[in-house]
Structures are given as C-alpha cells and as structure tokens.
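Chemist: Pasted the sequence and its predicted model underneath.
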Protein chains: 2
Amino acid sequence: MTVKPLFPWDETLKFDHFSITLAPGALSESTPHAAGVIEHVVVISGELDMHIDGAWHTLVADSGVRFAGDKPHAYRNSSGQVAHFHSLIHYPR
Amino acid sequence: MTVKPLFPWDETLKFDHFSITLAPGALSESTPHAAGVIEHVVVISGELDMHIDGAWHTLVADSGVRFAGDKPHAYRNSSGQVAHFHSLIHYPR
C-alpha cells in the first residue's frame, strides 16, 4: 500500500486528501477515525473492494462511496491489477 | 467539456465533487463562485492548464492545485489528449 498526500492537511476545511495504491491481493483494515469523520473513496483506476457496514462493495474507476469513517472499514484489491484510489477525509469542525 | 457529479451535493459538508473531461484544445472560463469558496482540482489523466491569479500552471496526473474559487479562473487543455480531472468545491458553512 502506498499513500501520498495530494494536498497538505487543510486546517480551514479540516480535510485530508490522499492518493493510495493497493497491490493485487492486498487487504487493508482501517481502524476507525475520530467520531464524526466522513470519508469519501473514489477509484481512479483498477477495481477496489470496500467493506462498509458489514458488506463488501466493488467500486470501479470514476465511481466512489461516501461513508462514516468512524466505524471499522476495510479496503481490498481482489483483482489482478493495481487499484488506485483517492481517499478524502473530512474531520468535524 | 463533460461534467459528472461523483457524489450528490453534500449539505453537511457543503461540498461538491465533480469528474470533468476537457477535449484537446478546449478552454473553459469559470465565473467566480460564491465568496469564500475553496476549490481543489486534481488531474486524473492527461495534462491540464489552470489559470489562477493571472498565471497559467500545467498540472499532470495525480497532482493538483488548491485555490480561492471566488476569483476568476480558467481551465485549458493545450495537449493532444483528453484531460480528465476532479474538481472539489467547498462552500463556506
């Protein structure tokens, strides 16, 4: 898993924006963020499985999902290609 | 120019998130948004020129720029390939 900030932490917006790659077969389980965090994941290329609210959802390029980042969630690449996605994390103001 | 919302308007975050393509040679001049708007542009593929604060800046894939969206700005594709980018617009809360 590679994680690159697209922008530095934005104190005004309380906002982080990462560019992330996940290798084929990789699984990343995220510990829940702070209460009230809203996360958006948008797939840039490849396919990504997201585990949210107890179910896996497969996302393709140029589609995304919005979810409560303060609950457990996981990222999985069950494809044979690198999955590239952006993660937007809005913290409560 | 094609514009597709990646997510519906987010009333909690006061946030719009668009996926946009600009054909080779195309220029799009944006009228300023409401006062206090912060815009992020991230290039997904191709190259994009952004006119901000009186100067053109060329952005390549997986790089972006953050700017005050309440001033005039413009998007230009001076390459021979389609430019694909995401535009994130945060309105004041």
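Modeler: Yep, that arrived. Residues are numbered from 1 along each chain as shown, chains lettered A, B, ... in the order given.
Chemist: Residue A:69 and residue A:40 touch, don't they?
Modeler: No: using C-beta atoms under 8 Å, residue A:69 is not in contact with residue A:40; the gap is 9.2 Å. Every residue, glycine included, has its C-beta placed from N, CA and C.
Chemist: which residues do these two both contact?
Modeler: Common contact partners of residue A:69 and residue A:40 (C-beta atoms under 8 Å, 6 or more residues apart in numbering or on different chains): none.
Chemist: just the helices in chain A please.
Modeler: Assigned by DSSP state H, chain A shows no helices.
Chemist: Up against chain B, what does it have?
Modeler: Residues of chain A lying close to chain B by C-beta under 8 Å from any C-beta of the partner chain are A:4, A:6-7, A:10, A:12-13, A:15, A:17, A:19, A:38, A:40, A:42, A:44, A:62-64, A:66, A:86, A:88, A:90, A:93.
Chemist: List the ones among those residues that fall in strands.
Modeler: Of the residues of chain A next to chain B, the ones assigned to strands by DSSP state E are A:4, A:6-7, A:10, A:15, A:17, A:19, A:38, A:40, A:42, A:44, A:64, A:66, A:86, A:88, A:90.
Chemist: hmm, what's the outermost residue in chain A?
Modeler: Most distant from the centre of chain A: residue A:12, at 21.5 Å, with distances by C-alpha atoms, centre = their mean.
Chemist: list the contacts for the closest residue to it other than its chain neighbours?
Modeler: Closest residue to residue A:12 apart from its sequence neighbours, by C-beta to C-beta, 6 or more residues apart in numbering or on different chains: residue B:38 at 7.0 Å. Counting by C-beta under 8 Å, 6+ apart, residue B:38 touches A:12, A:13, B:66, B:67, B:68, B:69, B:89, B:90.
Chemist: I'd like to know how many residues surround the second one.
Modeler: In terms of burial, residue A:13 registers 21 neighbours under the definition other C-beta atoms under 10 Å in any protein chain shown.
Chemist: Go ahead and confirm it touches residue B:92.
Modeler: No: the pair residue A:13 / residue B:92 is not scored as a contact, 10.3 Å apart, by C-beta under 8 Å.
Chemist: Need the residues touching each of the two.
Modeler: With C-beta under 8 Å, 6+ apart, residue A:13 and residue B:92 have no common neighbours.
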